[in-house]
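# Task: produce atomic coordinates for the following.
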Amino acid sequence: MKCFVTGASGFIGANLVQELVAQGHEVRALIRPGADVRGLQGAAHEAVHGDVTDKSDKLAAAMRGCDWVFHVAASYALWLPDYAPMYRTNVVGTQKMLKAAGNAGASRIVYTSTVGCIGLPKEVPGQRLVPTDESAPVSEVQMTNHYKRSKWQAEVAAREAVMAGLPVVIVNPSAPVGPRDVKPTPTGQMLLDYLNGNMPAYLDTGLNWVHVRDVAAGHILAAEKGKIGERYILGNADGNWTMSHALEVLAEITGLPPVKRRVPHRVALLVAHVDEWMSRITKRPPRAPIAGVRMAKHRMWFNPGKAIRELGLPQTPPSKALSDAVEWFRENGYVKKPKG
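Modelled structure (predicted):
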């Protein structure tokens, strides 16, 4: 198939391009001018320079002749001095991309959402926490930060496109880790903080860890087998880990000392407020955004069973995902060398 990929220089996008090329597909990649394209090294592709907020007719012309369109591009940040560009990219950009893909005649459009748009498990004291799936009730009111809210509005646009007759399939990745996290993402930065000895303590939270290559494969499977209008959690059935467990696994992988000190959420939230106040002055991103601390209060555990059953989503062990991420960061100069 001939494929068009937005956000191709990003973490998921670069791994998707690599996987598409490995499977023998042709790739046309939309890349913003000046983007860091190290994640695309070694993958033959046709680069088209532009932005998802360009005019729809220009985007349609760029993707004309492509069978599948993967709209992966997004502004992913838990703090920004101005959130207007985030909504412009995530919401307006998605609306333009969907319209353009429809006008270009794509046979499948895969929109990359997030598990942030899936309802969280309800925490009942003394009861086992049951990971939620795509059917969990949720509304925009529960989108507690600008990133989640903008992605929710973009997912609504994707569902409206389905109602208008476009062949859209929605995928909701959980917490991907692995190679080619060039920027890095907030999750990747957490791993780097640990590797570089910048994590004196941790917040008690829970994530669904998934190998980024499985997420990339899931996008392709969604194009091949996904039902139009459906959404699929791209996660790992064995990846619902507490942060303390993830750090224990990281200690085993790396041989570095484990992080044993846990910070109460109340303290972390106070620090985050001070941190963001300082960021307004320095214009530098806070190390602990308020949005991140608030999200960490919940176990973000999900059930990817639907994607496993209907798509055949691969299930690489989460420990392998963490190991591959550590290896890539070390090999690419992200980890400081020990003194001596």
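
# ok, what's across the strand from the nearest residue to Thr316 once chain neighbours are set aside?
Nearest non-adjacent residue to Thr316, counting by C-beta to C-beta, 6 or more residues apart in numbering: His211, 4.0 Å away. For glycine as for every other residue, the C-beta is placed from the backbone atoms N, C-alpha and C. Bridge pairing for His211 (DSSP bridges) gives the partners Val177.

# Correct me if wrong: His211 contacts Gly235.
No - using C-beta atoms under 8 Å, His211 is not in contact with Gly235, being 10.2 Å away.

# Have a look at the two and say which one is more surrounded.
Gly235 (34 against 27; other C-beta atoms under 10 Å).

# Count the neighbours of the nearest residue to Ala201 once chain neighbours are set aside for me.
Spatial nearest neighbour of Ala201, excluding adjacent residues (C-beta to C-beta, 6+ apart): Arg261 at 4.0 Å. Using other C-beta under 10 Å, the number of residues around Arg261 comes to 8.

# Could you measure from Arg261 over to Asp204?
Note on Arg261: its distance to Asp204, by C-beta to C-beta, to the nearest Å, is 11 Å.

# Kindly report the same for Ala35.
36 Å.

# Please apply the same query to Arg213.
29 Å.

# So these two - more neighbours on which side?
A side-by-side neighbour count of Arg213 and Asp204, using other C-beta under 10 Å, places Arg213 first with 22 against 15.

# now Phe329, nearest residue through space, not along the chain?
Residue nearest to Phe329 in three dimensions, not counting chain neighbours: Val335, with 5.5 Å by C-beta to C-beta, 6+ apart.

# How about the secondary structure of that neighbour?
coil (DSSP: H, G, I helix; E, B strand; the rest coil).

# Next up, the contacts around it.
Residues near Val335 by C-beta atoms under 8 Å, 6 or more residues apart in numbering: Leu192, Leu195, Asn196, Phe329.

# Closest to Ser244 out of the residues you listed?
Ranked by distance to Ser244 (C-beta to C-beta), those are led by Leu195 at 17.3 Å.

# Quick check, the closest one in contact with Val259.
No - look at Leu195 against Val259 with C-beta under 8 Å: they stay out of range, at 11.5 Å.

# So for these two, which residues contact both of them?
Counting by C-beta under 8 Å, 6+ apart, Leu195 and Val259 have no contacts in common.

# Distance-wise, check Leu78 relative to Gly178.
21 Å.

# Counting neighbours, go ahead and name the busier of those two.
Legend: neighbour count by other C-beta under 10 Å for Leu78 and Gly178, higher for Gly178 (27 against 20).

# close enough to count as contact, that one and Ile12?
No - using C-beta under 8 Å, Gly178 makes no contact with Ile12, being 9.9 Å away.

# can you pull out the helices in this structure?
In the chain, the helices defined using DSSP state H lie at 11-22, 56-63, 84-87, 93-104, 146-163, 186-195, 212-225, 243-254, 265-282, 290-295, 305-311, 318-331.

# mean confidence score for the third one?
I take that to be helix 84-87. Across helix 84-87, pLDDT averages out at 96.

# With the last one instead?
The average pLDDT for helix 318-331 rounds to 98.

# name the helices or strands packed onto that helix?
Helix 318-331 is packed against strand 175-177, helix 186-195, strand 206-211, helix 243-254, with contacts defined by 3 or more C-beta pairs under 8 Å, 6 or more residues apart in numbering; DSSP states H and E.

# Among the ones you listed, which comes closest to Ala307?
strand 206-211 (10.2 Å).

# Which strands and helices lie in contact with the closest one?
strand 175-177, strand 240-242, helix 243-254, helix 318-331.

# could you give the angle of the longest one to helix 186-195?
Counting by axes from the mean of the first three to the mean of the last three C-alpha atoms, to 10 degrees, helix 318-331 points 70 degrees away from the direction of helix 186-195.
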